[in-house]
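In: Dropping a prediction and its sequence here:
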Amino acid sequence: MKKTYRYFFRLIKDNFFSLAAFEFIFKASVFILFVPLIAKLMNVATNNAGIMFITTKNVARLMKNPLMIVMTAAVILILICISYYEVCCIWMCYRKYTRGIKVSVSDMFVDGMIHLRKTSRRYGVKIYLQMAAIFPLLCFHMNVILFDRLDILSSCLKFIFRGIPIKYIGAVSAVAFIFLFSFSTQKFGRSISGRKEGIKHFFRRTLHLVAVNLLTGLVLFLIYLIIVVIATLVIRFFGQKNFALVYLIRTENVMYYVLAFLAGALGYITNIALLFMFQSKQKMREKVLVKKPEGIRRKIVSVLIAIVFLADAGTAAGYFMNGSHILEEMFISTTVTAHRGGAKFVPENTMYGVKYAIESGSEYIEIDVQLSADGEVFLLHDTNLKRTTGANKLAYNLTYEELSKLDAGSYFGSSFSDAYIPTLDEVLTECKSKINLNIEIKSSRRGEELVAKVLELIDKHEMREQCVITSTEYPYLKQVKEMRPELRTGYISNMLYGDPTSLKYADFFSVKFAVVNENFVRSAHNAGKEVHVWTVNTKPLINRMKGMDVDSIITDNPVLARKILSRKNDRKSLAEILQTFLYR
């Protein structure tokens, strides 16, 4: 046993850097190329099934669609073929190592392709059937993380297994995948003695697989725990207390996908190492590894791999810095909209609110805009200035110079006495590349002029993809669509009557929480329209909206909404527990 594990760890340790570089390049490239393809296929399948949005409520309908079944089978077959190439590359790395040859990443790609061609010609379909048998275990840890993180995948499993709890499905699947892996790679003799020896090796192999995969799971958990604890300590001593939980949740969210990536890599590296030990007749050599000189073809491959590595690294950095909307476009994902910037904690519709919304991790900030007497677009909810500034005057009768001199913060607290009424131009400058904007155009005698000026400002800052326009005045939305068809619009209403989905100039509905229900959300989604709900400020209401799969929660308390939305259930997340411990 000790000799087996010493061999196992040496295989991985001595080839670690080549294996790690190969896995990053291979899996990042597959992700970058494959995920957009899956997104397009999902769009085709949902359109064929008559579904505009995939939610946990309608996933069963999608899974029954014949086209979806065919496409899922095709995707799995493609993944199995790609995975077999990955297995061949790792296998050849281990084989060359046992021969005393130092393996580079380019060697792995080239040798893997040669091995794939040879085995495919020799064994034909059989080798791919064997790959299909071992494929689930290779991806098991990665799938556990993704199925735990993405509710839509969990819903698919519940539909397939008729509502059986996910934890039981995972436990049974782990056992089944290990036995399937071990059985499909074990040769049983034809004679009685041969069969007995085969059965003995089968159970020994199964025991090793259990141990290695438990160890892999433990390593992944320790990596997750260490990084979250380090992030917690950094945020505790260098971050702001008010936003500590938001930063921790962001870190935890990123870590789940990093862990999924690592789990996929470790699953292949460890299980293929074990399989190589079982099936290879070559013994480990003690001599120093030597590097064979590269031919011109391998040098070309090395250059190409270096280019792909840089492209993958750049794309990955872009995803982490700016986020990727590829997966979000396929599934309903409830976003947080900071109502007037977070009106519970800062003066509404001020630069304090803008900065608070950004720091709170909200996806959107909701602001209200009006037009001054001299044609400047400024932020204000009420027509009268008295509530927020103390001046009992109508805002549209004043020039912006007069408006800018008013105190827009003291009503909230003396520490905000320097707050003023900002222009939309100033807010767009502050928000660009930081947060999306939900711009509510208030009802006005100069409504058409106000709409035109708002669109001009959005164009000036090149923020069409970052802004949505909402209003209680449906003609304003019609004007927006006629002038800028690509801009998303939302119709605001505090009641539901008739058939709201017939409003063709509204891409989504912004409705009061008291009137929204599951039937409305379902009918809106079936019509291809989103549902944003206001103003949702309490834990029970946020949980209720989350359960109905609304698209955005508009709230005065974005930190609370983010905390609740980040939970898989009503229990506290690790980030919340660590924050509570550190800030006692």
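Out: Nice, thanks for sending it over.
In: use CA for all of it now, contacts and neighbours both
Out: Noted.
In: residues near Ala211, how many?
Out: For Ala211, the neighbour count with other Cα atoms under 10 Å is 10.
In: how distant is the host helix or strand of it from the center of its chain?
Out: Ala211 belongs to helix 192-238 when assigned by DSSP states H and E. Offset of helix 192-238 from its chain centre (Cα atoms, centre = their mean, to the nearest Å): 25 Å.
In: i'd like the first residue to be 46 from this point on
Out: Sounds good: first residue 46 from here, last item helix 237-283.
In: Mean confidence (pLDDT) on it, please.
Out: Per-region confidence: helix 237-283 scores 80 on mean pLDDT.
In: swap in stretch 133-150?
Out: Averaged over stretch 133-150, pLDDT sits at 88.
In: and it, C-alpha only, in PDB?
Out: Output in PDB follows, covering the C-alpha atoms of stretch 133-150 (Å, rounded to 0.1, in the frame of the first residue of the first chain):
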ATOM      1  CA  CYS A 133      -4.500  10.700 -23.700                       C
ATOM      2  CA  CYS A 134      -2.300  13.800 -23.100                       C
ATOM      3  CA  ILE A 135      -2.000  13.100 -19.400                       C
ATOM      4  CA  TRP A 136      -1.500   9.400 -20.000                       C
ATOM      5  CA  MET A 137       1.500  10.100 -22.300                       C
ATOM      6  CA  CYS A 138       3.000  12.500 -19.700                       C
ATOM      7  CA  TYR A 139       3.000   9.700 -17.200                       C
ATOM      8  CA  ARG A 140       4.300   7.100 -19.700                       C
ATOM      9  CA  LYS A 141       7.200   9.200 -20.800                       C
ATOM     10  CA  TYR A 142       8.100  10.000 -17.200                       C
ATOM     11  CA  THR A 143       8.400   6.300 -16.400                       C
ATOM     12  CA  ARG A 144      10.900   6.100 -19.300                       C
ATOM     13  CA  GLY A 145      13.000   8.900 -17.900                       C
ATOM     14  CA  ILE A 146      11.900  11.600 -20.300                       C
ATOM     15  CA  LYS A 147      11.100  15.100 -19.100                       C
ATOM     16  CA  VAL A 148       7.800  16.200 -20.600                       C
ATOM     17  CA  SER A 149       6.800  19.700 -21.700                       C
ATOM     18  CA  VAL A 150       3.300  21.000 -22.300                       C
END
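In: ok so, going back, what is the helix holding Ala256 packed up against?
Out: helix 211-229, helix 289-324, helix 619-627 (3 or more Cα pairs under 8 Å, 6 or more residues apart in numbering; DSSP states H and E).
In: between those helices, which gets the lowest average pLDDT?
Out: helix 619-627 has the lowest average pLDDT among the helices and strands packed on helix 237-283, namely a mean of 55.
In: Near the closest residue to Leu183 other than its chain neighbours, how many residues? Count them for me, please.
Out: Once flanking residues are discounted, Leu183 sits nearest to Gly312: 4.8 Å by Cα to Cα, 6 or more residues apart in numbering. Counted by other Cα under 10 Å, the residues lying close to Gly312 total 23.
In: List the buried residues in the longest strand along the chain.
Out: The longest strand of the chain (DSSP state E) is strand 409-416. Residues Tyr409, Ile410, Glu411, Ile412, Asp413, Val414, Gln415, Leu416 are the ones in strand 409-416 that count as buried (16 or more other Cα atoms under 10 Å).
In: ok, back up a step: just want the angle from the helix holding Ala256 to helix 211-229.
Out: On the basis of axes from the mean of the first three to the mean of the last three Cα atoms, to 10 degrees, helix 237-283 is oriented at 140 degrees to helix 211-229.
In: Give me the angle between helix 237-283 and helix 289-324.
Out: On the basis of the same axes, to 10 degrees, helix 237-283 is oriented at 160 degrees to helix 289-324.
In: got a list of contacts for the helix or strand encompassing Ile57?
Out: Assigned by DSSP H and E, Ile57 belongs to helix 47-59. Contact with helix 47-59 is made by Tyr139, Tyr142, Ile314, Thr315, Ala318, Leu319, Met322, Met329, as judged by Cα atoms under 8 Å, 6 or more residues apart in numbering.
In: repeat that for 7 Å
Out: Tyr139, Ala318, Leu319 (Cα atoms under 7 Å, 6 or more residues apart in numbering).
In: Off-centre distance for stretch 523-543?
Out: 28 Å.
In: What of stretch 223-233?
Out: 35 Å.
In: Now that stretch - C-alpha only, CSV.
Out: Extracted C-alpha coordinates of stretch 223-233, given in CSV (Å, rounded to 0.1, in the frame of the first residue of the first chain):
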residue,chain,number,x,y,z
ILE,A,223,-16.3,4.6,-8.6
PHE,A,224,-17.5,1.1,-9.3
LEU,A,225,-18.2,1.9,-12.9
PHE,A,226,-14.7,3.4,-13.3
SER,A,227,-13.1,0.4,-11.6
PHE,A,228,-15.2,-2.3,-13.4
SER,A,229,-14.7,-0.8,-16.9
THR,A,230,-10.9,-0.6,-16.6
GLN,A,231,-10.5,-4.1,-15.0
LYS,A,232,-9.8,-7.2,-17.1
PHE,A,233,-11.3,-10.4,-15.8
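In: Run a quick neighbour tally on Glu242.
Out: Neighbour count for Glu242, taken as other Cα under 10 Å: 14.
In: for the helix or strand hosting Val115, which positions count as buried?
Out: In this structure, Val115 sits in helix 111-143 according to DSSP H and E. Neighbour counts over helix 111-143 (16+ other Cα under 10 Å) mark 112-113, 116-117, 124-125, 128-143 as buried.
In: which SS state does Ser555 fall under?
Out: Three-state call for Ser555 (DSSP: H, G, I helix; E, B strand; the rest coil): strand.
In: An error on my part: the question was meant for Val578.
Out: Three-state call for Val578 (three-state DSSP): strand.
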